[in-house]
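>>> coordinates only, sequence not included:
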């Protein structure tokens with residue numbers, strides 16, 4: 001299968017050493033010509049040593065600089081083809097001069113950009129740990145407020161179809177009561193884009209104090225909610241921008257799908273069996289009109 005360098009970097013970015021991230025950042029954002037670049041020149045441009053470039057190549061799955069360079073050239077050609085189609089609309093900048101017909105392409109381009117950034121920010125180790133906690137939990141309760149509630153609902157729905165005992169409460173009082181009544185065999189999941197939503201932070205603290213395992217889905221590290229998280233899944237690492245908040249559900253819903261699929265394949269026969277059973281249960285939700 002042909003490797004796509006940009007996706008390989010995004011997938012492995014979090015696990016790279018700081019010096020290797022310099023190489024990754026240079027390749028992701030440089031505008032210069034890469035076709036004739038030598039190992040010495042790339043190391044100099046990225047402000048790292050030549051062995052660091054070679055380690056980076058290995059980390060991306062290439063045998064050495066020669067293979068990395070071939071991938072760089074292919075990436076340049078691919079980006080050039082894409083630039084003709086969507087580059088002028090990349091990012092999310094809307095002003096009074098914009099037309100409604102501009103919006104669909106801008107929304108799609110921004111969503112793709114945020115998904116790539118999320119893949120760079122995710123820890124696969126924490127993701128696998130979250131799957132294990134969810135699979136072995138007696139009960140799972142998901143917490144969130146405002147925009148995060150639609151993500152909470154999606155996660156609960158998917159887990160119920162898998163046959164997991166999963167619950168949520170829209171009322172804050174009920175959220176807090178349920179959190180303090182959890183036990184060490186239960187899992188609490190808190191969803192907050194900013195990581196600072198007071199209600200969700202307080203509820204996760206209650207769940208943590210009750211002995212439950214806690215998973216947090218947020219956009220930033222080192223926020224208020226992180227101190228109560230056994231596992232933290234980050235959807236990004238950029239600054240808090242209004243545009244990011246608009247698209248927060250897109251990345252959070254992607255995390256929901258990842259957790260759903262991760263649990264499903266952890267015991268494929270069991271969970272697909274539950275899906276079949278639950279699908280048949282609601283297979284005919286309407287009455288025939290006589």
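All right, it came through fine. All of these numbers come straight from a predicted model, not from anything done at the bench.

>>> At which residues are the strands of the stretch 101-250 of the chain located?
140-143, 166-168, 187-191, 213-218, 231-234 (DSSP state E, counting those that start in this stretch).

>>> Using a markdown table, lay out those together with mean pLDDT and mean neighbour count.
Quick note: C-beta positions are derived from backbone N, CA and C, even for glycine. Formatted as a markdown table, the strands of the stretch 101-250 of the chain follow (pLDDT from 0 to 100; neighbours: other Cβ atoms under 10 Å):
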| stretch | mean pLDDT | mean neighbour count |
| --- | --- | --- |
| strand 140-143 | 96 | 26 |
| strand 166-168 | 95 | 19 |
| strand 187-191 | 95 | 29 |
| strand 213-218 | 93 | 26 |
| strand 231-234 | 89 | 23 |
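
>>> Count the neighbours of the closest residue to residue 182 other than its chain neighbours for me.
Distances taken as Cβ to Cβ, 6 or more residues apart in numbering put residue 212 closest to residue 182, at 3.8 Å, once the chain neighbours are dropped. By other Cβ atoms under 10 Å, 27 other residues sit near residue 212.

>>> and residue 212, backbone torsions?
In terms of degrees, to the nearest 10, the main-chain angles of residue 212 are phi -70, psi 150.

>>> Isn't it up against residue 181?
No - taking Cβ atoms under 8 Å as the definition, residue 212 is not a contact partner of residue 181, at 9.6 Å.

>>> check contacts around the residue nearest to residue 182.
179, 182, 183, 184, 186, 187, 188 (Cβ atoms under 8 Å, 6 or more residues apart in numbering).

>>> ok, now residue 116?
Counting by Cβ under 8 Å, 6+ apart, residue 116 has contacts 6, 7, 10.

>>> do that again at 6 Å, thanks
residue 10 (Cβ atoms under 6 Å, 6 or more residues apart in numbering).

>>> for residue 115, same thing?
Neighbouring residues of residue 115 by Cβ under 6 Å, 6+ apart: there are none.

>>> Would you point out the helix or strand in this structure whose mean pLDDT is lowest?
helix 242-246 (a mean of 50; mean pLDDT, DSSP states H and E).

>>> picking that back up, tell me which of the strands of the stretch 101-250 of the chain lies nearest to residue 64.
strand 231-234 (31.9 Å; Cβ to Cβ).
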